[in-house]
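Colleague: below are the sequence and a predicted model; questions follow.
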Amino acid sequence: MIGTGIHGRDQFLPPKLAFALVSFSLGQLGDGLNIFQGIYLVGLGWNEGSVGAALSLMGLTALLVQTLAGDVVDKTTLDRRIFLTVAAIVTALSASAVMFVKEGNSQHGLIYGTKIIEGMASSFIGPCLAALTLASFGPDHFDAIMASNILWGHVGSVASAVLAGGVAFFLYPDIKLCFLVIGASALVAVVFVKFVPQGDPLMGRGFRGDVAMDETGQLQRVMSGEGNGEIDFVAEDTQTDAVIQKVLSGEAPLRSSTHVPEAASYMSVFSDRRTLVLCLTGFFYHFANANVLLVLGELMGGDNEDGTTSRSAIPLIAGAIVTAQLTMSAATLAGDRLTDRGVGRKPIFLIGLASLPIRCALIVLWRDSGEGYLLLTQIFDGIGGGLIGLLHPYLVADVTFGTGRFNVLMGLTASCFGVGATMSNFLGQLAVEYLGHVASLVGSLVLSFVPILLFAVFMPETLGVRGQPGDQVKDSMSAPRLDPAESGGFFVQMT
C-alpha cells in the first residue's frame, strides 16, 4: 500500500484542508479588531489614554509570555490540540468582554484584566499551530503547509475586518455586535481542530522523526540525508495496513524514539548568529513599522465635533486592514512559489524589508492627496507583512530543526518583534504629539533601513540547511527508533 493516505473515511477532512480551516478561523482572532474595540470604548466615554493602555496590555503580556509559551509547547506531553482549543476559546471570550462595558469612563479593571488573559492565551496559538504542522508534515513539507496556513489566516483576517466593519457601519453608533465575530470564529476553530492530526509529538518540537505526511496526506518516510529532497514511500506490507487502521481508529500517536532525545542547550540556540540577526532584524523592522498604520489611520479618519471617531472612518479603517491583508495573501502565494522554485530565504526576506521605506515615503508624499492614495500605501504593508510573516517560521525551522527548540525560538523571535512594535507605537505617538505626523513618518523611514542592512550583511542563506545538525546541536538521530508498525497509529484524530 505505497503512499497510503490517512483520510480514507468520509468523516475525516484531508489534513491540509483541516489546517487551512483552523487557520482561517484563528485569523479572525487577530489584532485587527482591536481597532474597532478602541473606537467602541471611546464612544462609551473612555479617554484615549485609557484606551491605549487597554489595547497595549495584550501586546505587553504576550511579550512576557511568548517565549515561555513556546517552551511549554516544546516540552509538553499533552496533546497540543488541547492547548490550541483552550487558547482559541479563552482568547475569544476575553476579547468579547468589551460588549459588557457600560457607558462612561469606567470598568477599566474588566478590560485590563481580560486583555492580560487574552495576551496569555493568544501566545499559545502560533506555537501550537506551527508545532502541529511540523509534527504532521515533517521538515520536507513544512514550508508548503505553513504557507497555506498563513495564507488562510490572512483570508480569515480579511473576512473578520469586512464582517466587523460592515456590522459596525450599519449599526453605528451601537457597534458592539461586531465583536460577536470573534466568538463565532472561536467556535468554528474548535469544530475543526479535532480534524487536525497530532502527528509525531517529538518532531513537532524540532527533533528528527521517521514518518510524516506529504501535502496530499500520504504517509512517507522522512528523509535523513543531506537534504536532497528525495523521500522513500512507506513500504507495502500488512504491518503498514495495521498502522493505517490504528490511525483511522484514533489510537495513540507514534513516538519517533523509545525515549525523548536530549535537546540542545538554550544558549547554543539563542547565541547562534542566525538567531541574533533574525531577532534584531525583526525588532528594528517592527520598531519602524508598527506606528505607521496608526499614523495612517489618523491621517485618513476624521473625528466628530465631540472628539469621537466619525462614521466614515470605520469603513476607511476596515479598508486599510482589508487592503493590507489581501496583499499579504498575494505576497504569501508569491513567496511560496518562489520558495518552490529554489529562491533563497534571504532575497525574499529582503524584498519584504524593502517595502517599508517605500511605504513611509509614499505616505509622506501623498499625505494631502486624498484617502484613496493613502489606502494604496497599504499594498506595501501587505508585501512586507506577507513575505516576512511567511519566512519567519521557515527561518526558525532552518535554524532549529534537530535541536528540540523550535517552538521556544518561535516564541523568542515573536517577543523581539513585539518589543519593537510596542516601542514603535509608544515613541511614534509621542513624536506625533510633539512633532507632528510627518516627523513620526520620517523617523520610521530612517529606521526602516536598519533591518535591511542588518539582514543583508550578517544573515547567511539558510535554504537547504534544515536537518543538518550544527556542531553545537546534539544529533537526535542517534536516538533509537521504533518501527512505525510497532508503535500503533501515527496521525490521530481527536475524538
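Modeller: Yep, it's here.
Colleague: for residue 294, what are its contacts?
Modeller: 425, 428-429 (Cβ atoms under 8 Å, 6 or more residues apart in numbering). C-beta: built from backbone N, CA, C; applies to glycine.
Colleague: neighbour count and pLDDT added to the residues you listed, as TSV?
Modeller: Listed next are the contacts of residue 294 as TSV, based on neighbours: other Cβ atoms under 10 Å; pLDDT from 0 to 100:
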residue	neighbour count	pLDDT
425	20	78
428	25	84
429	17	77
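Colleague: quick one, strands of the stretch 201-350 of the chain?
Modeller: Counting by DSSP state E, counting those that start in this stretch, residue ranges of the strands within the stretch 201-350 of the chain are 211-213, 219-221.
Colleague: relative to residue 411, which of those strands is closest?
Modeller: strand 211-213 (23.2 Å; Cβ to Cβ).
Colleague: which helices and strands sit right next to that closest one?
Modeller: helix 125-171, strand 219-221 (3 or more Cβ pairs under 8 Å, 6 or more residues apart in numbering; DSSP states H and E).
Colleague: after the first one, which helix or strand is next?
Modeller: Tracing the chain past helix 125-171, the next element assigned as helix or strand by DSSP states H and E is helix 180-193.
Colleague: pull the residues that contact that following helix.
Modeller: Outside of helix 180-193, the residues within contact range by Cβ under 8 Å, 6+ apart are 13, 18, 21-22, 24-26, 28-29, 33, 81, 84-85, 88-89, 91-93, 95-96, 99, 156, 160, 163-164, 167, 494.
Colleague: just to revisit the earlier point, lowest average confidence across the helices and strands packed on strand 211-213, which one?
Modeller: Between the helices and strands packed on strand 211-213, the one with the least mean pLDDT is strand 219-221; it has a mean of 75.
Colleague: that one packs against which elements?
Modeller: Contacts defined by 3+ Cβ pairs under 8 Å, 6+ apart place strand 219-221 against strand 211-213, helix 238-249.
Colleague: which of those has the lowest average pLDDT?
Modeller: Minimum mean pLDDT among the helices and strands packed on strand 219-221: helix 238-249, a mean of 45.
Colleague: burial of residue 361, as a residue count?
Modeller: Neighbour count for residue 361, taken as other Cβ atoms under 10 Å: 16.
Colleague: all helices of the stretch 251-400 of the chain, in order?
Modeller: 266-270, 273-300, 313-340, 345-366, 371-376, 378-400 (DSSP state H, counting those that start in this stretch).
Colleague: and those, which is most packed in?
Modeller: Most buried of the helices of the stretch 251-400 of the chain, by mean neighbour count (mean count of other Cβ atoms under 10 Å): helix 378-400, with a mean of 24.
Colleague: output the lowest mean pLDDT helix or strand found in this structure.
Modeller: helix 238-249 (a mean of 45; mean pLDDT, DSSP states H and E).
Colleague: ok, back up a step: so which of the helices and strands packed on strand 211-213 gets nearest residue 111?
Modeller: helix 125-171 (17.7 Å).
Colleague: which one among the contacts of residue 294 gets closest to residue 292?
Modeller: residue 428 (7.9 Å).
Colleague: just the element for the closest one, please.
Modeller: In this assignment (DSSP H and E), residue 428 forms part of helix 406-435.
Colleague: next helix or strand past that helix?
Modeller: Next in line after helix 406-435, if elements are assigned by DSSP H and E, sits helix 437-447.
Colleague: list the buried ones in the helix or strand that that next one is followed by?
Modeller: Using DSSP H and E, the helix or strand that follows helix 437-447 in sequence is helix 449-458. Neighbour-count burial for helix 449-458, counted by 16 or more other Cβ atoms under 10 Å, picks out 450-452, 454-455.
Colleague: now stretch 87-103
Modeller: 87-98, 101.
Colleague: just for the stretch 351-495 of the chain, where's the confidence low?
Modeller: 467-495 (pLDDT under 70).
Colleague: one more pass at 50, please.
Modeller: 469-495 (pLDDT under 50).
Colleague: what residue is smack in the middle of this structure?
Modeller: In the chain, the residue lying closest to the centroid (Cα atoms, centre = their mean) is residue 126, at 5.0 Å.
Colleague: any idea how far residue 87 is from that one?
Modeller: According to Cβ to Cβ, to the nearest Å, residue 126 and residue 87 sit 10 Å apart.
Colleague: residue 349 now?
Modeller: Counting by Cβ to Cβ, the gap from residue 349 to residue 87 is 28 Å.
Colleague: that older thread, can I get the helices of the stretch 251-400 of the chain in JSON lines with distance to residue 188?
Modeller: Output for the helices of the stretch 251-400 of the chain, formatted as JSON lines (distance: least, Cβ to Cβ, whole Å):
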{"stretch": "helix 266-270", "distance to residue 188": "35"}
{"stretch": "helix 273-300", "distance to residue 188": "27"}
{"stretch": "helix 313-340", "distance to residue 188": "18"}
{"stretch": "helix 345-366", "distance to residue 188": "30"}
{"stretch": "helix 371-376", "distance to residue 188": "29"}
{"stretch": "helix 378-400", "distance to residue 188": "22"}
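Colleague: relative to residue 51, which of these is closest?
Modeller: Judging those by Cβ to Cβ, what sits closest to residue 51 is helix 273-300, at 12.2 Å.
Colleague: now do the closest one: distance to the chain's middle.
Modeller: Relative to its chain's centre, helix 273-300 lies at 15 Å (Cα atoms, centre = their mean, to the nearest Å).
Colleague: now do stretch 115-126
Modeller: Counting by Cα atoms, centre = their mean, stretch 115-126 comes out at 12 Å from the chain centroid.
Colleague: give me the contacts around it.
Modeller: So stretch 115-126 is in contact with 26, 29, 54-55, 57-62, 65-66, 68-69, 72-73, 83-84, 86-88, 90-91, 94-95, 410-411, 414, going by Cβ under 8 Å, 6+ apart.
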